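Visitor: just to be clear, the model below is a prediction. Sequence and coordinates:
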Amino acid sequence: MDLNTPPDMPPEALAQGLVDLLEIEEIDTDLYRGKRQPGGVGRVFGGQVIAQALQAAQRSTDAPKIAHSLHAYFMRPGNEDFPIIFRVVRDFEGRSFATRRVIAMQQGQPILNMAASFQVPEEGLHHQDKMPDVPGPDELKSDVELRREMIDEIPEKFRRHMLRSRPIEIRPVHPRSWFRPVKQEPKQDSWFRLVAPIGDDAAMHRAILAYASDMSLLGTSMLAHGINWMTHNVQTASLDHALWLHEEFRADDWLLYSCDSPWAGHARGFNRGRIYNRDGRLVASVAQEGLMRVRD
């Protein structure tokens, strides 16, 4: 084994590690502490902050109301050296809907503001976009398998990061080269799931989907320009993130993430995503604008 290739972890341990990361601690009324990513270095993954903020909002809201949307703004990068404190504000509590604001803070500074809305489930008119006609996950290789096949192309300084075991398995429908990027239509489809089954806590499944929804999006807008952060000096960061939860789902079963980018400009890229289960039900929609600044 290459010394720069990290050892594999059992899928059950990886899945439980993500569940543990998203199990926030209540330290006072409407005040919560989010854990640090074990072994995390540098900037906190944005999906982690969103997922933990959603967990704080969910913990402050009683059943039968469930989360159906969230809108978040990133203000500062999170630091892996510190836990994150989440303060919840209960803006509205109605018979059908409730809204919450969540402020995520580190060292006394806000790093994210999020608004979330909750609804008592009810029946109503229904329609949805059709799921793209793509191969199923059983016909595709995982992103880790694809990267291991091209290990000789991966600079040693990137190998540990790119080949490490992850709690979310991704199987791209149309794999692309990280090291020979070409300009192409800014669209991509990929299947993803938690690598091992977890329990039936629907709130945790929503948090895991929120975590995974921050993957793939920003890279979609760069496809049109034939660049990525490994081959070009490009500064990227999520600026805002919106997620709508339409239907029930399981994050430990395969979900298709279909992404596109209709616009980029002024050092920003705008990206959209639709998430389907294997039966073709549209279970969630996502939108995000991110910083995409190319430096000389």
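Guide: Nice, I can see it.

Visitor: which one's the longest helix in this protein?
Guide: helix 46-59 (DSSP state H).

Visitor: kindly export stretch 64-79 (C-alpha atoms) in PDB.
Guide: Output of stretch 64-79 as PDB, limited to C-alpha atoms (Å, rounded to 0.1, in the frame of the first residue of the first chain):
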ATOM      1  CA  PRO A  64     -45.900  16.600  14.300                       C
ATOM      2  CA  LYS A  65     -44.200  19.600  12.600                       C
ATOM      3  CA  ILE A  66     -41.200  18.500  10.400                       C
ATOM      4  CA  ALA A  67     -38.700  20.500   8.500                       C
ATOM      5  CA  HIS A  68     -39.600  21.300   4.900                       C
ATOM      6  CA  SER A  69     -37.100  24.100   4.000                       C
ATOM      7  CA  LEU A  70     -34.000  25.900   5.100                       C
ATOM      8  CA  HIS A  71     -32.100  29.000   3.900                       C
ATOM      9  CA  ALA A  72     -28.600  29.600   5.100                       C
ATOM     10  CA  TYR A  73     -25.900  32.300   4.600                       C
ATOM     11  CA  PHE A  74     -22.200  31.600   5.200                       C
ATOM     12  CA  MET A  75     -20.400  34.600   6.700                       C
ATOM     13  CA  ARG A  76     -17.100  33.200   7.900                       C
ATOM     14  CA  PRO A  77     -15.300  29.900   7.500                       C
ATOM     15  CA  GLY A  78     -15.600  27.600  10.400                       C
ATOM     16  CA  ASN A  79     -12.400  26.500  12.200                       C
END
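
Visitor: tell me the buried residues in that stretch?
Guide: Within stretch 64-79, the residues that qualify as buried are 65, 66, 67, 68, 69, 70, 72, 74, 78, 79, counting by 16 or more other CB atoms under 10 Å. Every C-beta, even on glycine, is put in place using the N, C-alpha and C of the backbone.

Visitor: in a strand, the fifth one, correct?
Guide: Which is residue 69. Yes: assessed with DSSP: H, G, I helix; E, B strand; the rest coil, residue 69 lies in a strand.

Visitor: sorry, back to before: what's the closest of the buried residues of stretch 64-79 to residue 125?
Guide: residue 68 (15.6 Å; CB to CB).

Visitor: what is the nearest of the buried residues of stretch 64-79 to residue 241?
Guide: residue 72 (4.7 Å).

Visitor: ranges for the strands of this structure?
Guide: Ranges of strands within the chain are 25-28, 31-34, 66-74, 84-93, 97-106, 109-119, 168-172, 187-194, 234-245, 255-265, 268-277, 282-294, based on DSSP state E.

Visitor: Throw the ones you listed into JSON lines and include distance to residue 51 and mean pLDDT, thanks.
Guide: What follows is the strands of the chain, written out as JSON lines (distance: least, CB to CB, whole Å; pLDDT from 0 to 100):
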{"stretch": "strand 25-28", "distance to residue 51": "15", "mean pLDDT": "98"}
{"stretch": "strand 31-34", "distance to residue 51": "9", "mean pLDDT": "98"}
{"stretch": "strand 66-74", "distance to residue 51": "10", "mean pLDDT": "98"}
{"stretch": "strand 84-93", "distance to residue 51": "11", "mean pLDDT": "98"}
{"stretch": "strand 97-106", "distance to residue 51": "11", "mean pLDDT": "98"}
{"stretch": "strand 109-119", "distance to residue 51": "11", "mean pLDDT": "98"}
{"stretch": "strand 168-172", "distance to residue 51": "11", "mean pLDDT": "97"}
{"stretch": "strand 187-194", "distance to residue 51": "12", "mean pLDDT": "98"}
{"stretch": "strand 234-245", "distance to residue 51": "10", "mean pLDDT": "95"}
{"stretch": "strand 255-265", "distance to residue 51": "15", "mean pLDDT": "98"}
{"stretch": "strand 268-277", "distance to residue 51": "15", "mean pLDDT": "98"}
{"stretch": "strand 282-294", "distance to residue 51": "13", "mean pLDDT": "96"}
